[in-house]
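S.K.: sequence plus the predicted model coming up.
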Amino acid sequence: MSLFLLRRLGAGLVLVFVIATATFFLTSVTGSDPARRIAGTQASAAQVIAKRHELGLDRPVLTRYTDWLSHAVRGDLGTSWFSNQPVTGLVGQALPVSLSLVLAATVLTAAVSIVLGVVAAVRGGWVDHVLQSISIVAFAVPNFLVGMVLALLLAVELGLFPAVGYVPLAGDPAGWLASITLPSIALAVGAIATVASQTRGSMIDVLRQDYVRTLRSRGLPVRSVLLKHALRNAAPTSLTVLSLQFIALIGGAVVIEKVFGLTGIGARATSAASQGDVPLVLGIVVVTVVLVVVVNLLVDVVLGWLNPKVRIA
Amino acid sequence: MRRLLVAVPAAALVLTVSACGGAAGGGGANAGSTLSLATVTPPKSFEPGAMAMGGPEDHYYQAVYDTLLKLDAYGRPAAGLATNWNYDAANTTLSLTLRSGVTFTDGTKFDAEAVRTNLEHAKKGTGEAANALKFVDHVKAVDPTHVDIVLTSPDPSLTAGLARSAGYMDSPKAFTRGDVATRPVGTGPYRLDAKRSTAGDTYVFTRNAGYWDKIHYPYKEVSIKVLDDTTAALNALRSGQLQGMPGPSKDIVEGARKAGLTVTTFENGTMEGVFLWDRKGNNTKALGDVRVRRAINYAFDREAIVKNVKGGLGTATDQVFGSSTPAYDKSLEGAYGHDLGKAEKLMAEAGYAQGFSMTLPDFSPVYPNEQAAMTEALKSIGIKVTYQPITGDQVVGSIIGGKWPANFFSLTSSSPWAFIQLAVAPGATFNPFHVSDPKIAALLKTVQQSSGAAQDKALKQLNAYLVDQAWFAPWDVQKGAYVSAKTVKVTPIPGIAVPPLSGFSPAS
Amino acid sequence: MSQPIDIDIDVAGGPARPPLPGAPRPGVLRRLLRKPAAAVSLAFVAVVAVAGALAPQLTANSPTASEIANALAPMGGNHPLGTDGVGRDVLAQLLYGSRTSLTGALIVVAVSLLIGLPAGVLAGYHRGWFDGLANWLGSLVMALPAIIVLLVVLAQWGRSTALAMTVFGFLIAPGVFRLVRSSVIAVREELYVDAARVSGLGDARIMRRHILPVVVAPTVIQASQLLGIAIVIQAGLEFLGLGSANQASWGGMLSNAFQNVYFAPRLLLWPALAIVLTVTAFCLIGNALRDALGAADAGRRARRRTDAAAGPVVTAAHDAAAQDPPADALLAVQDLHAAYPRPDGTESVVVQGVSLTVRRGEILGLVGESGSGKSQTAFSVLGLLPPQARTSATRLLFDGQDLRGLSPAAMNKLRGRRIGYIPQEPMSNLDPSFRIGAQLTEPMRHHLGLSRAQARTEALRLLERVGIADPARVFASYPHQVSGGMAQRVLIAGAVSCDPDLLIADEPTTALDVTVQAEVLDLLRELQAERRMGVILVTHDFGVVADLCDTVAVMQSGRIVETAPATELFAAPRHPYTRMLLDATLEDSTPRSARAVATPAAPSRSVLDLGGDR
């Protein structure tokens, strides 16, 4: 198991390297001239050349790449071309925002969708119909629409939550919770629909298994059969779907952050990509990929732990 | 998941609420102590000389920096850090008398040396300031409170420049520290509270205790939040989280009005319309023919555009210079009234009775309404436009690089000379095909060398010639709009894009 | 939309099968159209597709041309749905937008399935280097923050919905790949595929019979979701301003309306409706398809059971059972019926009028062909029929207690404690996620109130009793670590762990190797004798009956056609069906049954005798 994890970790590092490299070259062969844009519309040709030199853009791509890489492995992701701030700082400020949002949405998704999935699978009948119908519609509504309705209703009209902005957790936990409540609900709605329907499906599959009948034939309480045995066997599927959703949520956060005026990874990525701020784009890609690698590693550990065939082997 | 239950009544409520205008959000709590504003973009750099053109970003700089001159209520230069200023007879030396007893927030004294350091630094920079200081030869510190700015040739827009980004004064020590881009040390009304600020998100400014002009800045604290989504910004204003935001388009302004917010409008000195770059016909041969350019001018129904596209946020005009500038000539209005008959005739004369086609950059994500209006008008005289998608970072570069024969554009023209330097002179940035014309060259020379009535006359002649030759197809001079909550009073200044920080005060 | 799902949905009786069987068969579409939700959804999607295709015919207006002077025109006249903020016709945008949205969605699904499906099947089935490589590439792509890739790519090549959707298809393909791969691996690791492989089925057949059926359903569901996701993602990209600009699209309309929500909120309505309804339709189609695929098999099985009409019920024994049960009866069943509702409203009757009696210490053999209703009868007694099953009986007495209308909790007190159950397939009847020890001790702790340590001691003793050589090791093992025979011994141990009075064994040896079969039968007999349990032994094997049973009841098409003491039945079968069964047994094999009648049961010898059976 630990060897397996070590190998996954190694593969993860290779992954980060490959993606960073690919992104570097993809963004570096761009046809636009970042120096011109950074220098400003009024800069003379000489000033643009000076800016180009200052940014090191007059060096060969390969030199720039090795330079970037040698700094990156030491934890220095360079300086944003447009805001003149260190990339690590910019990403470091944005990361808590996005992580708060995505983690809250993930927890919300896991909690709500397990309950709904199990209830739908077990209750059947009209309860199942109603839950399924709601989850389908929830899945079908674009999350920014959900976010907007939540913002208009609960923030603007009722004033229960702030309409925009993020409050750091450290100083003001209540404010933090209030600031991420609406965005994470908006973010989670679609994920809940997906994970709940997967949980329902895998619960039904498990409940059809012979061993469930045998467990019942032993006179075990329904609670134990459902929540201990069936749920445990349905968990790997749900967890896999949840881990996929986690990555999707990082993407969804880009849109939600815009609706709620949150400066997270997504907002930074949007502006960096549209400006052509290569160091910042690279930094965001690297950090996001590392995040995904870590999450996948954690999911692997949990999945291995849940599956005795893997755990014992 | 329970969302559906909420969504339907919520959506209904939204419709009702926005239809009947709604009440202003609460949030009077922080009025008087903190001013919270929204802008669209974060400050690129706090370094004087590196700042881009003026716009909503000005609020960041106005909080920490004073300018050598300020603009009065009519947009004319007035005393700032310099209490007095005058040119010599040849208009090539500007002498400034400096305010004494002013210190930067790091304790450094503000004096003539500081002015020299700043101006020399800004001239070497790549921002708007460098362009404004283009004609500066050198700066001489006469004594601690007197500075002479010596020019290579007269620059009619220098004083306006010193009231804008060219006039920002940072501590001379800041330039040697290396973090000047992110740590401003000015003499301004506030200082940047780095601890409570998040780059690219929120900038918090706290009162500079020893500030000399406190009376114009009643708020103890100013907080500026970056919000690139206008609906989010409107939500924040309505919920009382923020008190002001720029209102750059009809949709936002009408939305804000319906949302029960205050909209302040003012002449912001920016001309917009279709800029016909390719006056020599390098890219699109037809545009080299003045008859075609005139036909395009006839194709636009400017009044309708102002009404429908701009929602009234503009004044229709046939000339590039605004009515408050000396270059403006009222008799030129109506030169190109909406007249498709004339346009078609001109097109036929030029040999384009069947029209022609051209490829323009696709600005619909930013200017959907403007692009729609342009397409419609050009189509009406047989010009077929194909739009090529373009990313934000390529817009300016591709225009300057001469990729497009024309496009919808806007440029500030409140200072005629600055506009000429930017978009008319053969080497100007926004003369991408470097079109030169002997008559224009001669008039430029006259404008630069002369002053007073002679200069005004030359400007008017130049303006008339530009209209006659149809270098541009102006639509209107914009009306700026600023959206604010009922808790603040906003006083704009004509000719600049956003009301200055000093124009904000608590509504009584 | 779906049939009611409840615990124990599976119609009991058949051997364990993959839960969602069946590659699409010709009947799927027909079944699909019978579901109103699916039919409406298919019709809606068809309408949207046709509307998109025929947009130029349906409206004279251009979706992109604007009449500035006619901005925000109300509904009616030349603009049936009015115009937007720049005077573009809303209906035209909606119609042309459906082209953009559906094409984009199809691109995403096509690209992702084209890559993910074959790669997932190959990787999951053959593993090896391809699996490693595909997995690595998959995680490479999946670790990419999709939206950032899209941002960078679109910054590079300009905004284009088709490009964005193609790239998104690539980015989402690993999701398809992973799902397919993990389903394939799951099946592959299931015993029945191992068994299939051992029994010499070719790869192609295993793929077709065991792998594909399991892959199809999740893939279909995912594909339908992908269609929906694609449309939603497209809207998100439009919201960020990354879609094609010269193209009308729902996302673009929604995004515009969103930006103007304070100004012209009514513009939100149409694009929001279009997106939500279309995505909902895709989901509903996917769900209905899944149900149609999954329900197909259950439906077939149910139908099969009720086919032939039963022959005449002739036995005197049956008539005898109709009278009051003997005083020492442990279980007395009279006139038991069980039926399942069919979708068309009729009922499928699987047990009709069964009556039987089991005395303490008696072994009753319940014999019949597959689908004759024996297992259904057994489960009726246990109360383990699916909830939609309808049962009735004029008498259902266990040790004098009426089981009819007993609450689930009360029934749970009997099950496991006083009525034991031994299933047919040992491997599929143990919970793969829990250790054998835990599965053995849980009922004892629940019913007998034993402590953890006591239960452990008792379980180890039981394991030893059922002939397991190393009880401690098996106690600590997971089901996948023990052999089938050992697992069946574990299940027997579990069935008798709380010392039940009645044991119901459902074909307890069918799934086992021949040599093991005999040992297990011996064990059953010993345990029965030891504890004086009454036993219902469900089987189709007269050899087993001859070895063990005191009394035999023969079932055909849900009825008991003959009941008699074992010796009597073998000597003189009375019902033609019984005779037919016996003849078939005799033809098929060495005439063991006949000998068994003559020489009942020396255990040691029966092992040898069983050599050539079956």
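M.R.: Cool, got the structure.
S.K.: so how far is C:Glu347 from the residue most central in space within chain A?
M.R.: Central residue of chain A (CA atoms, centre = their mean): A:Ile250, 2.4 Å from the mean position. Distance from A:Ile250 to C:Glu347, counting by CB to CB, to the nearest Å: 52 Å. Quick note: C-beta positions are derived from backbone N, CA and C, even for glycine.
S.K.: host element of B:Gly49?
M.R.: Using DSSP states H and E, B:Gly49 falls within no helix or strand.
S.K.: distance of it relative to A:Arg223?
M.R.: In terms of CB to CB, B:Gly49 sits 72 Å off from A:Arg223.
S.K.: could you do C:Asn412 as well?
M.R.: From C:Asn412 across to A:Arg223, the span is 11 Å (CB to CB).
S.K.: okay, these two: which has more neighbours?
M.R.: C:Asn412 (21 against 8; other CB atoms under 10 Å in any protein chain shown).
S.K.: tell me the SS of that one?
M.R.: Three-state call for C:Asn412 (DSSP: H, G, I helix; E, B strand; the rest coil): helix.
S.K.: since we're on the residue nearest to it when sequence neighbours are not counted, how many residues are nearby?
M.R.: Using CB to CB, 6 or more residues apart in numbering or on different chains and skipping the chain neighbours, the partner closest in space to C:Asn412 is A:Gly219 (4.7 Å). Residues within reach of A:Gly219, counting by other CB under 10 Å, total 24.
S.K.: just C:Ala204 next, same as before
M.R.: Counted with other CB under 10 Å, the neighbours of C:Ala204 add up to 8.
S.K.: and A:Val130, by the same measure?
M.R.: A:Val130 has 12 nearby residues by other CB under 10 Å.
S.K.: buried set for the helix or strand in which it is found?
M.R.: Element membership of A:Val130, judged by DSSP H and E, is helix A:125-140. For helix A:125-140, the neighbour count (16 or more other CB atoms under 10 Å in any protein chain shown) marks A:128, A:131-140 as buried.
S.K.: what about chain C: which of the residues you listed touch it?
M.R.: A:128, A:132-133, A:136-137, A:139-140 (CB under 8 Å from any CB of the partner chain).
S.K.: and these, which is closest to chain B?
M.R.: Proximity of these to chain B (CB to the nearest CB) peaks at A:Val137, which lies at 5.2 Å.
S.K.: the closest one contacts C:Thr280, correct?
M.R.: Yes: between A:Val137 and C:Thr280 there is a contact under CB atoms under 8 Å: 5.9 Å.
S.K.: wait, the residue nearest to C:Asn412 touches C:Leu448, no?
M.R.: No: contact criterion CB under 8 Å: A:Gly219 and C:Leu448 do not qualify, at 11.0 Å.
S.K.: and for these two, which residues touch both?
M.R.: Residues within reach of A:Gly219 and of C:Leu448 at once, by CB atoms under 8 Å, 6 or more residues apart in numbering or on different chains, are C:417, C:498.
S.K.: need the per-residue pLDDT for residue 40.
M.R.: Since you didn't name a chain, this refers to chain A. Listed pLDDT for A:Gly40 reads 62.
S.K.: hm, I was asking about chain B
M.R.: Looking at B:Val40, its pLDDT is 85.
S.K.: what about it, how many neighbours?
M.R.: For B:Val40, using other CB under 10 Å, the count is 16.
S.K.: do C:Leu140 as well
M.R.: 17.
S.K.: surely C:Leu117 is in contact with C:Arg178?
M.R.: No: counting by CB under 8 Å, C:Leu117 sits too far from C:Arg178 to count as a contact (11.6 Å).
S.K.: the more surrounded of those two?
M.R.: With neighbours defined as other CB under 10 Å, C:Leu117 and C:Arg178 compare such that C:Arg178 has more, 24 against 19.
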